[in-house]
Structure formats: C-alpha cells, structure tokens
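Participant: predicted model, plus sequence, below.
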Amino acid sequence: MRLSVIASGIAIGLVLVTSRPAAGHAFLRRYDLPLPLWHYLLGAGLAVGLTFVVLAIFHTDRAGKFPRGIDLSGTLFERLLTSPVLQRALATSSVLLLVFVMAAGLFGAQEDPFKNILPAFIWVGWWVGFAFFCALVGNAWPSINPWAAVGHAIEHAFRSESTRPLPSAIGEWPAVVLFIAFAWSELVWPDNAVPASLAGAILLYSAITWTAMTIYGTERWLRRGEIFSLLFELFGRFAPFGWERNGRLVLRPFG
C-alpha cells in the first residue's frame with residue numbers, strides 16, 4: 001500500500017511537471033479589452049448579486065403561479081413558421097452556408113485566424129450568438145440544422161428510413177460523449193482556431209452524424225445522438241417562444 005501511494009504521488013508529480021498551460025479561450029492571441037478593468041469587475045459582481053435577487057424573488061412555489069403561455073396555434077405567425085416553403089428555404093440556406101464556411105476553412109487564409117471566417121463563425125457567431133438566440137427568442141435549430149437537412153434529403157431521395165432502433169440502454173450517452181469532445185475542442189485543443197484543422201473536425205463530426213442517421217434514421221439520431229439538437233432544445237426551454245409536447249406553439253414567460 002505504501003509503495004502504491006508513493007508511486008501514485010510520483011506519477012501525479014510527473015504529470016503536473018510535464019503539463020502545458022491550458023487555453024482559456026478559443027483564440028490564443030492576447031486581446032486587451034477597451035474598457036478599464038474595474039468596469040468588468042463591477043459587471044461581474046452585479047451579475048452574481050442580481051442572480052441571488054432573482055432566486056429570492058422566484059424561489060419556492062411562486063414560479064408555479066405563472067401563466068402557461070398564450071396559445072399561438074393556428075395563428076398567421078404559426079402558419080408562417082411552419083410553412084413548407086420557408087422550411088425548405090431555411091434548410092437549403094443552412095446547407096449552403098455550411099459548404100461556404102467549410103470551403104473557407106479548407107482553402108482560405110490559414111496563417112491568421114482573424115482573416116478566415118470559419119473560426120469566428122463557429123466559436124463566436126454560432127456557438128455563442130445562436131445559443132443566446134435559442135435561449136432569448138426560441139429554438140430555431142430544427143429549421144436550420146444542416147446535418148438534419150442532408151439526412152432528410154437522403155431519406156427522401158431513396159424513399160426509405162432506417163427502422164433500426166438505438167439500444168435503449170445507451171440512452172443519450174452518444175450525445176454526452178460528443179459534447180465532451182466538442183468542449184475539449186473549444187477549450188483545450190491547440191488547433192481549434194486553425195481554419196483547416198477546424199474544418200477537418202467538422203468533416204469528422206459530419207461523417208459520424210450522417211453515418212448514424214443512415215444506420216438508425218435521421219429523426220431517431222436527432223433525438224438521441226445529435227448533440228446540438230439536444231443542447232439548443234435545452235436552451236430553448238428558457239425562451240418565450242416554444243413548442244410544447246402536444247405540438248402547440250406558445251408565447252410564455254422567460255424560463
């Protein structure tokens with residue numbers, strides 16, 4: 001037992017000595033923020049303090065007294081959102097946008113990530129900006145998911161959809177594993193801002209997603225394994241516009 005403890009201590013010490021600094025942001029270049037430091041410290045402190053105020057106001061049973069939401073089913077707004085023409089236009093545009101940013105990542109400027117649209121588009125515009133949109137407005141990912149659009153198009157072209165079920169025992173663990181890989185890519189992977197490397201990672205994710213959709217069916221994989229469908233659906237639960245389980249579109253209070 002004593003030898004095991006000593007050996008473990010030596011191994012941990014070697015790991016700590018040989019470890020490299022971890023990157024705390026997707027872009028490794030230093031950038032000096034344009035406002036004084038105390039502005040950011042004050043903003044951070046207010047954010048934490050106001051969080052406790054919100055919890056104190058909406059804690060216990062008071063949240064259950066909020067209205068369920070305004071039913072928008074059958075309204076012009078709902079018919080517009082579910083219009084087949086709009087849905088096809090959004091799906092086609094999302095696929096074309098994916099092709100465009102992938103081409104920029106593979107064949108565009110490589111020496112400076114700020115001169116290529118792919119890193120900023122993925123890490124800032126999409127992962128940050130669109131995630132906030134889903135939480136503050138509504139989950140629009142099902143309409144603009146390019147991987148789902150391609151999966152549905154393949155099924156429509158071949159007029160067949162796989163009926164093979166995912167093993168119930170694995171639950172949503174495929175999505176969990178993919179999310180861990182995505183988080184590692186964002187925070188640890190040193191080449192996450194290199195356009196060609198980032199494009200290669202997206203191609204790998206695309207291959208995994210479309211292969212799983214072919215084996216298990218597009219809709220089934222979207223519900224169990226496509227990580228961004230699950231994440232943006234979770235964010236969308238906080239938004240004022242949302243779809244209930246019975247298919248109704250409702251306008252509701254935040255959260």
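Facilitator: On my side now, so go ahead. It should be emphasised that the depicted structure is a prediction, and the values quoted were computed from it without experimental measurement.
Participant: how about Asp71, phi and psi?
Facilitator: Here is the backbone geometry of Asp71 (degrees, to the nearest 10): phi -70, psi 120.
Participant: ok, Trp243 next?
Facilitator: Phi and psi for Trp243, reported as degrees, to the nearest 10, are phi -100, psi 130.
Participant: what does the longest helix along the chain contact?
Facilitator: Assignment by DSSP state H gives helix 84-107 as the longest helix of the chain. Helix 84-107 is contacted from outside by 80, 116-119, 121-122, 143-146, 148-150, 152, 195-196, 198-199, 202-203, using Cβ atoms under 8 Å, 6 or more residues apart in numbering. C-beta here means a position set from N, CA and C on the backbone, and glycine is covered the same way.
Participant: out of these, which are buried?
Facilitator: Among those, those classed as buried by 16 or more other Cβ atoms under 10 Å are 116-119, 121-122, 143-146, 148-150, 152, 195, 198-199, 202.
Participant: what ranges in the stretch 51-200 of the chain fall below the confidence cut-off?
Facilitator: 60-67 (pLDDT under 70).
Participant: rewinding a little: can I get the helix or strand just after the longest helix of the chain as CSV, trimmed to CA atoms?
Facilitator: Counting by DSSP states H and E, the next helix or strand C-terminal to helix 84-107 is helix 117-120. C-alpha atoms of helix 117-120 as CSV (Å, rounded to 0.1, in the frame of the first residue of the first chain):
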residue,chain,number,x,y,z
ILE,A,117,-14.4,33.4,-41.4
LEU,A,118,-14.6,29.8,-40.1
PRO,A,119,-13.1,30.2,-36.6
ALA,A,120,-15.1,33.3,-35.7
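Participant: what's the next helix-or-strand element following helix 117-120 in contact with?
Facilitator: Sequence-wise, the next helix or strand downstream of helix 117-120 (DSSP H and E) is helix 131-136. Residues outside helix 131-136 that contact it (Cβ under 8 Å, 6+ apart): Ala140, Trp141, Leu231, Phe232, Phe235, Gly236, Phe238, Ala239.
Participant: now the last one: how far from Arg220?
Facilitator: The span separating Ala239 from Arg220 equals 25 Å under the rule Cβ to Cβ, to the nearest Å.
Participant: could you check the pLDDT of Pro21?
Facilitator: Note for Pro21: predicted pLDDT of 69.
Participant: rounded mean pLDDT for stretch 224-240, please.
Facilitator: 93.
Participant: so how far is that stretch from its chain's centroid?
Facilitator: Distance of stretch 224-240 from the chain centroid (Cα atoms, centre = their mean, to the nearest Å) equals 8 Å.
Participant: so which bits of it are buried?
Facilitator: Neighbour-count burial for stretch 224-240 flags 224-233, 235-236, 239 (criterion: 16+ other Cβ under 10 Å).
Participant: end-to-end on that stretch?
Facilitator: In stretch 224-240, first residue to last residue: 25 Å (Cα to Cα, to the nearest Å).
Participant: what's in contact with it?
Facilitator: Stretch 224-240 is contacted by residues 130-131, 134-139, 141-142, 145, 147-148, 166, 170-172, 174-175, 178-179, 182, 209, 212, 216, 222-223, 242, 251-255 when judged by Cβ under 8 Å, 6+ apart.
Participant: just the ones of the residues you listed in helices?
Facilitator: Going by DSSP H, the helices hold 131, 134-136, 141-142, 147-148, 174-175, 178-179, 182, 209, 212, 216, 222-223 from the contacts of stretch 224-240.
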